[in-house]
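Chemist: got a predicted structure here, sequence first:
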Number of protein chains: 2
Amino acid sequence: MTQNTDVRIPAARLRAYMERVFAAEGFDGGEAAQIADVLMQADLFGIESHGAQRMMYYHRNLASGSAIAGARPEVIRETPVSALIDGHFAMGQLCGCEAMRLAIRKAKQTGVGICAVRNSSHYGIAGYYTLMAAKEGLASFSMTNTGPIMTPTFGVEMMLGTNPIAFCMPADPIPFWFDASTTVVTLGKVEVHAKRGRPMPEGWTIGGDGHACTDAAQMNASILAGEPGGILPLGGAGETHGGHKGYGLGIMVEALTGVLAQGLTAPDMQGAHGDHTSHFFLAFDPAMFGDPAQIRAGMSAYLERLRAGARAEGCARIYTPGEKAHEAMADRLQNGVPVEANTLAELRQIAAELGVEAL
Amino acid sequence: MTQNTDVRIPAARLRAYMERVFAAEGFDGGEAAQIADVLMQADLFGIESHGAQRMMYYHRNLASGSAIAGARPEVIRETPVSALIDGHFAMGQLCGCEAMRLAIRKAKQTGVGICAVRNSSHYGIAGYYTLMAAKEGLASFSMTNTGPIMTPTFGVEMMLGTNPIAFCMPADPIPFWFDASTTVVTLGKVEVHAKRGRPMPEGWTIGGDGHACTDAAQMNASILAGEPGGILPLGGAGETHGGHKGYGLGIMVEALTGVLAQGLTAPDMQGAHGDHTSHFFLAFDPAMFGDPAQIRAGMSAYLERLRAGARAEGCARIYTPGEKAHEAMADRLQNGVPVEANTLAELRQIAAELGVEAL
C-alpha cells in the first residue's frame, strides 16, 4: 500500500541500485541483474512486501551464510520431462530462474517440463516464474514451501508455510496471472497492522490457546518467536468456512516441494542452517491440446466475461487475477516505485555497509 | 451426514443395485460396473451427495439425452505426454476413467501424462480418479468445471462452477487424498440447510443485492432459477479473508478444463444441451525425482507430524486430508452404507421405471 511517507523512485534508478548491491554482495553481472529483476517485478506489480523491502532480509541472509553468493544450482537427476535440482543454497531467484528455464525448454521439446528444487532459499514472488513461461506461450505453475507460519485445522502449532500457488495462462491483453498464499493472509499483513497499532479482523490468526486473535503486535511477536498460534489457512478456523481446504492446499504445496524434492518440510526449517526452501515448477504447451491462438482467445473471452458481470452493490469493478498487478506496473513505470521511509533508510544502510552508491 | 431416517444397506447390495440400473439404462457390464464403482466410492467415503443420492440425477440426464448410454469418449489429439478427449456426452465417469487410465499409461512411459476432456458430463467425485493413479504409485491431479454456481469477488452473477481440485500423493497407511471445491461450500450444504429449515452461517452465500444471505431455502431456489446471487468463493465475500484467492483458484480450474479442452465455460453451460462438462487429469511419477519409497516415506512422516501437533482447546484431533474418508469407508464396509429415506424412495422409483429388482 502506498503510504504518505513513501518516496517515488524511478524504476530504472531502483533497479540500478539493486544491481549495484548484488554485484557488491559477490554476484556476477548476470546474476545480479536476474535477482534484481525478480525484486523489481514485485515492486512494479505493487507487491511491496517482496521488492526493495526485502533487500535487508537478503543482505542479512548473505551475511549469515543462509544464502551463498558463489553457489550454483545443480541438476542432479533428469529425464526429458523433468529435473531435480539441488540449489546448494544459492539465492532462490537464481534457483527459480534456472529451474523454470529448464522446465520451459523441456515443455518446448516434449510438451511438458516439471522441475523440483531443494536446498534453495526465498525466491521472491512465486508468480515471477510463471510470467517467464507465459512469455513463451506456455501455461505454468510455480509453488514454494516456506518456514512454518500456518496452523493446521484444529491445531495451534505452525507446521506449514504460506505455501503459495502461482498459475499463469496466456491471454490478452494480459495473461491470467494468479499468485496467492494458501493462508488467509501473509505475515506482511500482520506486520502492517502491528506497525499501525490496529487490530486485525477476526479470522486471520489463531492464538496459542486456540481462540481467535486480533492483536497484531502480539501475534507478530509470537510468530517470530515460534510460539503456539499462527496464521490460519485460507477459509479460516475450523471447517465451517472451508479452513480445511486451505489447509489441504497448503499440504499439497508441501507435497510438491519439500517432499517431492526431498528437502526439508516446514517444521524442520525453523532453526535449520539456511532456508532450505524447496520449489516446484511445471510448464506445459497448450498447443498439445489445440490451436494455441484459439485457446488463448478462449481464455481472454472468459476473463472479459467475468469482468463484465453484474456487480455487487457498492462495488465499482470486478477484477480478474493479474489486472491489479499490471495496472500498478503501468503506474510505477510512469510515476516511479513507492518506497517506504523505513525501507529507504535500510537501503541506505546496505549501500553504506557495502560501500556502493546509495539511491 | 448420517441421519436418523437413514437405512444402512450392505455395500455389495447397493453396488449390485447400481450395476443393475446402469445395465438397464443401456450400458454394457464393464461400463455399468465402472459407473457404479465411482458412485460407491463416494458413498463409502461418506460423501453421500455424490453417491446413491445422485442416481435420480443421472437417470433423468440419460432420459433427457444430456448423457448418452451408447456414447464412447474419443481421443482426438495425442502426444506421448498428453491427450485431448471428446467425451461425446458419454457418462462423466466413463470419460474420467478413460482419461485417467491414459494419463497413467503415459506417466508410466514418459514420466507424466496430461489429459483434457470436453463434452463430458458430471463425473462424480474428482478424487476418485486420483486414487486410480495413487494405486499405481503416481501423484496426480483431477479437476472439473461444472455449471455456474460461484459468484466472482465483487460480483453477484454465478459465473464459475464449484470447480473442485483433487490431488493425491502416495503415502502410508493411506494416501494424501485431497478433494475440495473452490467454493466455501457446495450446493449440497445449502440444500441440507434448506431441507431442515435452518439458516446458513454468514459467509457462505451472497444474495442478488450483494449482501450476505443466510436464508437457505431462498438461496437454494435462487440458485436453481439461475437468478443473481450464489455461493461465495473459498475465502468468502470481498478480499478481507482471501475470497479473491478462492475466486482465482476457481478460474484456474476453468482455465485447465473448459478453456484448455475448448469445451464450454460455466456461463455457457446453463441451458446448453447436455452438461458439456470439461475435465483435467495430470499424473506423474515421483520416481523421476528420487527413490519413490523414500518420497512416499517422507510424505507419510510429514502427515504423521501434522496429526501429532498441538491441538486447539476443545479439539480432539487433527486430521489430514483423506483420513475421514478412509475411516468412513471402514465403517461402511462393515456396517453398510447409510441411505436417506428420500433417496431410498428415489432408488425404488428408478427400479420400477426400468423394471429391475429394487434394493
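Modeler: In hand now; what should we look at? Numbering: from 1, shown residues only, chains lettered A, B, ... in the order given.

Chemist: which residues does the residue positioned nearest the centre of chain A contact?
Modeler: Note on chain A: the residue nearest the mean C-alpha position is A:Ile125, at 2.6 Å, using C-alpha atoms, centre = their mean. Under the criterion of C-beta atoms under 8 Å, 6 or more residues apart in numbering or on different chains, the contact partners of A:Ile125 comprise A:38, A:41-42, A:45, A:47, A:50, A:166, A:179. Where C-beta positions appear, they are placed from N, C-alpha and C, glycine not excepted.

Chemist: how close does it get to chain B?
Modeler: In this view, A:Ile125 and chain B are 14 Å apart by C-beta to the nearest C-beta, to the nearest Å.

Chemist: need phi/psi at that residue.
Modeler: phi -80, psi 130 (degrees, to the nearest 10).

Chemist: re the thing from before, just the closest of the contacts of A:Ile125 to A:Phe141, please.
Modeler: Nearest to A:Phe141 out of the contacts of A:Ile125 is A:Ala166 (C-beta to C-beta; 6.8 Å).

Chemist: and for the helix or strand harbouring that closest one, what's in contact with it?
Modeler: Here A:Ala166, judged by DSSP states H and E, is contained in strand A:165-169. Applying C-beta under 8 Å, 6+ apart, the contact partners of strand A:165-169 are A:125-127, A:129-131, A:133-134, A:139-143, A:175-180, A:182, A:249, A:253, A:286, A:299, A:322, B:249, B:252, B:255, B:259.

Chemist: hmm, 6 Å instead?
Modeler: Outside strand A:165-169, the residues that touch it by C-beta atoms under 6 Å, 6 or more residues apart in numbering or on different chains are A:126-127, A:130, A:134, A:139-143, A:175-179, A:299, B:252, B:255.

Chemist: for stretch A:343-359, same thing?
Modeler: By C-beta under 6 Å, 6+ apart, stretch A:343-359 touches A:17, A:20-21, A:24, A:52-53, A:55-56, A:59.

Chemist: got a markdown table for these, with pLDDT, secondary structure and neighbour count too?
Modeler: What follows is the contacts of stretch A:343-359, written out as a markdown table (pLDDT from 0 to 100; DSSP: H, G, I helix; E, B strand; the rest coil; neighbours: other C-beta atoms under 10 Å in any protein chain shown):
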| residue | pLDDT | secondary structure | neighbour count |
| --- | --- | --- | --- |
| A:Tyr17 | 98 | helix | 21 |
| A:Arg20 | 98 | helix | 18 |
| A:Val21 | 98 | helix | 24 |
| A:Ala24 | 98 | helix | 17 |
| A:Ala52 | 95 | helix | 26 |
| A:Gln53 | 92 | helix | 20 |
| A:Met55 | 96 | helix | 21 |
| A:Met56 | 95 | helix | 16 |
| A:His59 | 97 | helix | 19 |
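
Chemist: write out the residues of the stretch 51-200 of chain A neighbouring chain B.
Modeler: Residues of the stretch 51-200 of chain A that fall close to chain B, judged by C-beta under 6 Å from any C-beta of the partner chain: A:79, A:81-82, A:84, A:110-112, A:116, A:152, A:154-157, A:159, A:167, A:169, A:176, A:178, A:180, A:184.

Chemist: only whichever of the residues you listed are buried, select them in PyMOL.
Modeler: Buried subset of those, written as a PyMOL selection, criterion 16 or more other C-beta atoms under 10 Å in any protein chain shown:
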select buried, chain A and resi 79+81+82+84+110+111+112+116+152+154+155+156+157+159+167+169+176+178+180+184
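
Chemist: restricted to strands, list the residues of the stretch 51-200 of chain A next to chain B.
Modeler: A:79, A:82, A:84, A:112, A:116, A:167, A:169, A:176, A:178, A:180 (DSSP state E).

Chemist: go ahead and confirm the second one touches A:Ile114.
Modeler: Right, the one you point to is A:Ser82. Yes - the pair A:Ser82 / A:Ile114 is scored as a contact, 4.7 Å apart, by C-beta atoms under 6 Å.

Chemist: for stretch A:84-98, the averaged confidence score.
Modeler: Mean pLDDT, computed over stretch A:84-98, is 98.

Chemist: please save the CA atoms from it in PDB.
Modeler: C-alpha atoms of stretch A:84-98 as PDB (Å, rounded to 0.1, in the frame of the first residue of the first chain):
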ATOM      1  CA  LEU A  84      15.600 -32.400  -9.800                       C
ATOM      2  CA  ILE A  85      17.800 -29.500  -8.800                       C
ATOM      3  CA  ASP A  86      19.900 -29.000  -5.700                       C
ATOM      4  CA  GLY A  87      20.100 -25.300  -5.100                       C
ATOM      5  CA  HIS A  88      23.300 -25.600  -2.900                       C
ATOM      6  CA  PHE A  89      21.900 -22.600  -1.000                       C
ATOM      7  CA  ALA A  90      22.200 -20.200  -4.000                       C
ATOM      8  CA  MET A  91      19.700 -17.300  -3.900                       C
ATOM      9  CA  GLY A  92      16.200 -18.500  -4.500                       C
ATOM     10  CA  GLN A  93      15.800 -16.200  -7.600                       C
ATOM     11  CA  LEU A  94      18.800 -17.900  -9.300                       C
ATOM     12  CA  CYS A  95      17.500 -21.400  -8.500                       C
ATOM     13  CA  GLY A  96      14.000 -20.400  -9.600                       C
ATOM     14  CA  CYS A  97      15.000 -18.900 -12.900                       C
ATOM     15  CA  GLU A  98      17.300 -21.800 -13.700                       C
END
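
Chemist: rounded mean pLDDT for stretch A:201-211, please.
Modeler: On average, stretch A:201-211 scores 95.

Chemist: count residues in the vicinity of A:Ala90, would you?
Modeler: Close neighbours of A:Ala90, defined as other C-beta atoms under 10 Å in any protein chain shown, add up to 26.

Chemist: nearest to B:Asp28, of the contacts of stretch A:343-359?
Modeler: Checking the contacts of stretch A:343-359 one by one against B:Asp28 (C-beta to C-beta), the nearest turns out to be A:Gln53, at 63.0 Å.

Chemist: checking the nearest residue to the closest one once chain neighbours are set aside next. Helix, strand or coil?
Modeler: In space, A:Gln53 comes closest to A:Thr343 once its chain neighbours are excluded; the distance is 4.9 Å by C-beta to C-beta, 6 or more residues apart in numbering or on different chains. Here A:Thr343 is helix, with the state taken from DSSP: H, G, I helix; E, B strand; the rest coil.

Chemist: the one 10 residues further on now?
Modeler: Look at A:Glu353: counting by three-state DSSP, its state is helix.

Chemist: against A:Gly92, how distant is it?
Modeler: A:Glu353 is 22 Å from A:Gly92, where distance means C-beta to C-beta, to the nearest Å.

Chemist: higher neighbour count, these two?
Modeler: Taking other C-beta under 10 Å, A:Glu353 and A:Gly92 do not tie; A:Gly92 has more neighbours (25 against 12).

Chemist: that one reaches A:Ser121, doesn't it?
Modeler: Yes - between A:Gly92 and A:Ser121 there is a contact at 4.5 Å, judged by C-beta under 6 Å.

Chemist: what do these two both touch?
Modeler: With C-beta under 6 Å, 6+ apart, A:Gly92 and A:Ser121 have common neighbours A:Thr277.

Chemist: where do the strands sit along chain A?
Modeler: A:7-9, A:74-79, A:82-86, A:112-120, A:139-144, A:165-169, A:176-180, A:205-207, A:212-213, A:229-231, A:277-284, A:337-339.

Chemist: which other residues reach the longest helix seen in chain A?
Modeler: The longest helix of chain A (DSSP state H) is helix A:92-110. Contact with helix A:92-110 is made by A:31, A:34-35, A:38, A:73, A:80-81, A:83, A:85, A:87, A:113, A:115, A:117, A:120-124, A:129, A:132-133, A:136, A:138, A:277, A:281, A:283-285, B:81, as judged by C-beta under 6 Å, 6+ apart.

Chemist: having no further points to raise, I will conclude here.
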